[in-house]
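Visitor: what would the 3D arrangement of this be:
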Amino acid sequence: MTLHEPPNTDTTGTVVLVHGTLDRAANFRTVARHLPHWRVVGWDRRGWAGSRDLGDEHTTLRHHVEDLCEILTEMPGAVVAGHSYGGLVALCAAAQRPDLPAAVVAFEPPIRWLPWWQPEVEAGGSGSTDPAEAVQSVLRHILGEAGWARLSPQSRADLQRQGPTLLVEMGDPSQDEVAFEPAELSVPVVVAAGTRSLPHHREVAHRIAVLIPRGEFVSIAGAGHAAHVSHAREFAGLVDRAASLATGEERDQ
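Guide: Model (predicted):
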């Protein structure tokens with residue numbers, strides 16, 4: 001779906017937004033409003049929201065990467081910005097087809113094959129096979145008890161209905177296999193994390209940025225894992241920063 005179309009031809013370019021687990025493209029609408037000169041594109045990944053019927057128990061990381069690469073063939077040179085699992089999808093696509101994206105933004109991507117990843121952190125220590133319980137455990141772990149309490153009963157019910165897709169995505173064994181080497185990524189990459197995110201997420205994001213040859217770490221003050229919702233303006237700024245890296249502009253001091 002197109003989240004924003006500039007009113008004239010004087011545009012910065014196209015950005016493709018890739019949502020994470022337990023999320024949907026529509027939750028990037030506020031980010032899109034902070035990118036007035038960009039054409040902003042997003043889609044619901046297989047198994048989620050409007051694409052729920054396109055996913056099943058056989059859906060893996062590879063399918064999401066293939067979908068993104070197919071989208072990018074229609075808009076080569078776009079910046080790709082992924083949140084959480086979406087960041088992992090964006091990085092894998094950039095590794096497979098470095099000719100397609102101009103740059104990548106990856107916000108706290110879960111990269112399970114790295115030696116410093118802690119599976120129990122991602123799962124919130126749950127291990128539950130009940131879909132609704134798994135959703136509740138993950139959200140309470142990431143959002144905190146206060147964040148979970150702020151969700152309306154309807155929002156909780158909608159999210160818990162996505163439990164089967166959550167279990168498929170988190171249980172995908174292919175994510176434990178090396179999909180790319182950070183040191184071999186050739187496109188500019190902005191890896192970001194929030195100052196209020198889990199320490200483990202911040203550490204992994206920072207380490208990845210150091211390993212990527214054209215990588216840069218950006219910290220969003222006051223943000224937690226859901227920065228694209230709580231700090232939409234700053235998340236949009238990551239897109240502008242990635243675009244400037246792609247054009248060779250120096251970072252402001």
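
Visitor: tell me the pLDDT at the residue most central in space within the chain?
Guide: The residue lying closest to the centre of the chain (CA atoms, centre = their mean) is His83, at 1.9 Å. Per-residue pLDDT puts His83 at 98.

Visitor: isn't it up against Gly20?
Guide: Yes. Taking CB atoms under 8 Å as the definition, His83 is a contact partner of Gly20 at 4.6 Å. All C-beta atoms are positioned from the backbone trio N, CA, C, and that covers glycine.

Visitor: quick check: neighbours shared by those two?
Guide: Listed contacts common to His83 and Gly20 are nil; contacts here mean CB atoms under 8 Å, 6 or more residues apart in numbering.

Visitor: am I right that Ser219 sits in a strand?
Guide: Yes. Counting by DSSP: H, G, I helix; E, B strand; the rest coil, Ser219 is part of a strand.

Visitor: pull the number of nearby residues for it.
Guide: 14 (other CB atoms under 10 Å).

Visitor: what do you get for Trp113?
Guide: 12.

Visitor: likewise for Ala49?
Guide: 17.

Visitor: got the contact list for the nearest residue to it once chain neighbours are set aside?
Guide: Leaving aside its sequence neighbours, Ala49 sits nearest to Arg24 (CB to CB, 6 or more residues apart in numbering; 3.6 Å). Contacts for Arg24 (CB under 8 Å, 6+ apart) come out as 44, 48-50.

Visitor: give me the distance from stretch 32-41 to the chain's centre.
Guide: Put simply, stretch 32-41 sits 17 Å off its chain's centre (CA atoms, centre = their mean, to the nearest Å).
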